[in-house]
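Trainee: structure, please.
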Amino acid sequence: MSESAAELTKEAEADLGAVTYPLPEGIIVERDVRVRMRDGVHLEATVYRPEKEGRYPVIMCVTAYGKDFGPADYSTLPKIKAAGMAVGTMHICEVTTWEGPDPGFWVPHGYAVMVADPRGYYGSEGEPGVYSEEDAHDYAELIEWAGVQPWSNGSVGLHGVSYLACNQWMVASKTKPSHLKAIVPWEGASDFLRDVMEPGGVPETRFLGGYYAGSLARGAGMGIAETGPAMMDRAARNPFVLENIDVPALICASWSDHGLHTRGSVEGFVRIASDQKWLYTHGGNKWEVYYSPDAVEWQKSFFDHFLKGEDNGFQDRPRVRLEVRDTKERVEVRAETAWPIEGTRFTPMYLDPAGKALTSSIPEDAARIEYDAEAKQSVEFDLIFDRRTEVTGPMVLKLWVSAKDADDLDLFAAVRKFDASGQEVFFCGKDGFRSGVVALGWLRVSRRHLDPVLSRPWRPFQSFERTEKVRPGEIVPVEMEILPSSTLFEAGETLRLAISGRDILEFSRFGHDDSVNRGRHEIHTGPDHPSHLLVPFI
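Mentor: Numbers count the residues shown, from 1 in each chain. Presented below is the predicted three-dimensional model:
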């Protein structure tokens, strides 16, 4: 290949989202390694390990996207690009599986990397599943197999993004493999019902259908397009018990992935039982950040400590790597010790329809504000800052609402930032471009009931145990979870709360089109109905 042709190839790769390099020398590649499960079914894996004899810690992932599909085979990337999304640029080895650890980096640093296809996908035998009990036990058996190989030191760590992170929550919460020593779930839902399928009780109607018919169907056969919803529903009704997880964990959550992985990642950090857990937050593109130098340094230091036993000081790092956004391009990074961060002042800011404002005191007069719930119409309330202020953490929108012509309501909320000149400040959104807001929330009012054990003042947790409709005109109190974020506001800048009956942001691959809304909604304010946004001021 000529030098100019090579440059063109690299430009094409960068435009697609991945810039690759050859697998380094000195690496043994064992493909289609068959691992026997308890019922006689064989799963297939590819193992990358150093040529030099020795015993190495194992970094593992199980992927439904093809264990041997490198960047040249990523079917997901062209679809993402065609849908108008951006992924940033991933600098990875040419054999790196989609959303998985890069063997070209890890093996030269003294690790074996094992990538397996789950039951029923690609070369693995059996019937395919989606986060099933069988999948959990298969993953555990793969871990135990890897832990006793002659090239293994007995310590296995799990690694990967999205699907590859979700199944880490699955295996670590449902089984206790003796060789599992650490996990790195990098942006992965941990509660499919609340994180993905029905955020706030409002059904997500776009993402999963395409996922079953596309990414999963490629490896499991087109039948998964029909059976996938039932499989995912079973997984959602049998959720991961995060409190069962006690292995060391490095967890990543982004402020840009609301409605997919943000909520579950933060819940995982807060609720797992491990005393050794860290939270890495960011506001960028999930794949680009996963392979970035800073993120890889965290991952390597974590695994060096917990899989190799190196005394590298990782255990002394503050537990939260916090990224505070000013704009999409300007961020501040600092260390914190907990989530929500210590010293957070959760402050109610009350909805004042007269001034279209958020105020620190309850308006003296009762009022109500209406909007057309079937139109793309919002009501908005502004908080203008008189000093530099940081807003970091989850928010809660508590409202008293009614519907004139319906027995249920779907509510959508967005928190946005405007600069001192009145121009909106956009952040990285789910599409990867500058289309994101500060934070999002959803709520179906008939699913408003909260779990009294898991709910916190700063994070309502819907029980989903029953559905209770409302009478037309009946005023009911509701609490909407506004997902975690971190944003800086300078003096003169504005935090704007928008409430609507439709998605406030439009994404081609994500949406909520199955609405119960009819007619007009009413939001009630004042002494008897102190509707407010609970804001985490730092």
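Trainee: going by C-alpha atoms from here, please, whenever you check contacts or count neighbours.
Mentor: Fine.
Trainee: mind listing what the most centrally placed residue in the chain touches?
Mentor: Nearest residue to the geometric centre of the chain (CA atoms, centre = their mean): His261, 1.5 Å. Contacts for His261 (CA atoms under 8 Å, 6 or more residues apart in numbering) come out as 162, 187-190, 195-196, 253-254.
Trainee: among those, which one lies nearest to Asp246?
Mentor: Distances from the contacts of His261 to Asp246 were compared by CA to CA; the smallest belongs to Ser190, at 15.1 Å.
Trainee: could you look up the SS state of the nearest residue to that closest one once chain neighbours are set aside?
Mentor: Residue nearest to Ser190 in three dimensions, not counting chain neighbours: Gly264, with 4.6 Å by CA to CA, 6 or more residues apart in numbering. Applying DSSP: H, G, I helix; E, B strand; the rest coil to Gly264 yields a three-state assignment of helix.
Trainee: isn't Gly264 up against Asp191?
Mentor: Yes. Between Gly264 and Asp191 there is a contact under CA atoms under 8 Å: 6.0 Å.
Trainee: domain map for the chain?
Mentor: Taking automatic domain parsing as the domain assignment, the record places the domains of the chain at 3-317, 345-537.
Trainee: and those domains: which comes nearest Ala338?
Mentor: So among the domains of the chain, domain 3-317 is nearest, using CA to CA, at 8.8 Å.
Trainee: state the mean pLDDT of the closest one.
Mentor: Per-region confidence: domain 3-317 scores 91 on mean pLDDT.
Trainee: now do the contacts for the nearest residue to Pro199 once chain neighbours are set aside.
Mentor: The spatial neighbour of Pro199 that comes closest, neighbours along the chain excluded (CA to CA, 6+ apart), is Trp442 at 6.1 Å. Neighbouring residues of Trp442 by CA under 8 Å, 6+ apart: 199-202, 410-413, 480-482.
Trainee: so Trp442 is in which element?
Mentor: For Trp442, the element it lies in under DSSP states H and E is strand 439-444.
Trainee: next SSE downstream of that strand?
Mentor: Beyond strand 439-444 on the C-terminal side, the first helix or strand identified by DSSP H and E is strand 476-489.
Trainee: orientation of that following strand relative to strand 439-444 in degrees?
Mentor: Put simply, strand 476-489 runs at 170 degrees to strand 439-444, going by axes from the mean of the first three to the mean of the last three CA atoms, to 10 degrees.
Trainee: about what we covered before: now the residue nearest to Ser190: how far from Asp410?
Mentor: Distance check for Gly264 against Asp410: by CA to CA, to the nearest Å, it reads 22 Å.
Trainee: go on, Lys277?
Mentor: As defined by CA to CA, Lys277 lies at a distance of 36 Å from Asp410.
Trainee: I'd say Gly188 and Val161 touch.
Mentor: Yes. Between Gly188 and Val161 there is a contact under CA under 8 Å: 6.4 Å.
Trainee: more neighbours: which of those two?
Mentor: Set side by side, Gly188 and Val161 show unequal neighbour counts under other CA atoms under 10 Å, the larger going to Gly188 at 31 against 25.
Trainee: wait, a helix at that one?
Mentor: No. Membership of Gly188 in a helix is not supported by three-state DSSP, which gives coil.
Trainee: for it, list the residues it contacts.
Mentor: Going by CA under 8 Å, 6+ apart, the list of residues near Gly188 reads 161-166, 260-262, 264-265.
Trainee: got the residue ranges for the helices in this protein?
Mentor: Counting by DSSP state H, one finds helices in the chain at the ranges 3-16, 76-82, 103-106, 133-147, 163-174, 192, 207-211, 217-220, 223-237, 262-271, 286-290, 293-306.
Trainee: buried sites along the fourth one?
Mentor: In terms of neighbour count (16 or more other CA atoms under 10 Å), helix 133-147 has its buried residues at 133, 135-147.
Trainee: who does the residue nearest to Pro199 form a beta bridge with?
Mentor: Trp442 forms beta bridges with Phe412, as assigned by DSSP bridges.
Trainee: now it: how far from Ser485?
Mentor: Trp442 sits 15 Å away from Ser485 when distances are taken as CA to CA.
Trainee: circling back: and of the contacts of Gly188, the nearest to Thr46?
Mentor: For the contacts of Gly188, the nearest to Thr46 is Leu164 (15.6 Å; CA to CA).
Trainee: who are the contact partners of Leu450?
Mentor: Shown in contact with Leu450 (CA under 8 Å, 6+ apart): 460-464.
Trainee: out of those residues, what pair is the most spread apart?
Mentor: In the contacts of Leu450, two members sit farther apart than any others by CA to CA. They are Pro460 and Phe464, at 12.1 Å.
Trainee: and the gap between the closest residue to Thr487 other than its chain neighbours and Thr344?
Mentor: Closest residue to Thr487 in three dimensions, ignoring its sequence neighbours and counting by CA to CA, 6+ apart: Arg325, at 4.7 Å. For Arg325, the distance to Thr344 (CA to CA) stands at 17 Å.
Trainee: Arg444 too?
Mentor: From Arg444 to Thr344 the distance is 28 Å (CA to CA).
Trainee: which of the two has more residues huddled nearby?
Mentor: Between Arg444 and Thr344, counted using other CA under 10 Å, Arg444 has the larger neighbour count: 24 against 16.
Trainee: pull the number of nearby residues for the residue nearest to the more buried one when sequence neighbours are not counted.
Mentor: Of all residues not flanking Arg444 in the chain, Asp410 sits nearest, at 4.5 Å (CA to CA, 6+ apart). Neighbouring residues of Asp410 were enumerated by other CA under 10 Å; the total is 25.
Trainee: hmm, Asp410 is touching Arg447, no?
Mentor: No. Look at Asp410 against Arg447 with CA under 8 Å: they stay out of range, at 9.9 Å.
Trainee: chain neighbours aside, what residue packs nearest to Met232?
Mentor: Val130 (6.0 Å).
Trainee: residue contacts, that neighbour?
Mentor: Residues in contact with Val130 (CA under 8 Å, 6+ apart) are 228, 231-232, 235.
Trainee: got the phi and psi for it?
Mentor: Geometry field for Val130 lists phi and psi as phi -130, psi 100, criterion degrees, to the nearest 10.
Trainee: output the buried residues of helix 133-147 in a markdown table, with distance to Arg218 appended to each entry.
Mentor: As requested, the buried residues of helix 133-147 are arranged in a markdown table below (distance: CA to CA, whole Å):
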| residue | distance to Arg218 |
| --- | --- |
| Glu133 | 22 |
| Asp135 | 18 |
| Ala136 | 21 |
| His137 | 23 |
| Asp138 | 21 |
| Tyr139 | 21 |
| Ala140 | 24 |
| Glu141 | 25 |
| Leu142 | 23 |
| Ile143 | 25 |
| Glu144 | 28 |
| Trp145 | 27 |
| Ala146 | 27 |
| Gly147 | 30 |
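Trainee: which one among these gets closest to Asn517?
Mentor: Minimum distance to Asn517 across the buried residues of helix 133-147 is 36.7 Å, recorded for Glu133 (CA to CA).
Trainee: got a list of what the closest one touches?
Mentor: Applying CA under 8 Å, 6+ apart, we find Glu133 in contact with Lys174.
Trainee: number of nearby residues for Gly309?
Mentor: Neighbour count for Gly309, taken as other CA under 10 Å: 11.
Trainee: how about Ile245?
Mentor: Neighbours of Ile245 under the rule other CA under 10 Å: 23.
Trainee: that one contacts Ser274, doesn't it?
Mentor: Yes. Applying CA under 8 Å, one finds Ile245 in contact with Ser274, separated by 6.4 Å.
Trainee: run through who's touching stretch 48-58.
Mentor: Stretch 48-58 is touched from outside by 26-30, 103, 107-108, 110-114, 146-147, 150-157, 307-308, with contacts defined as CA under 8 Å, 6+ apart.
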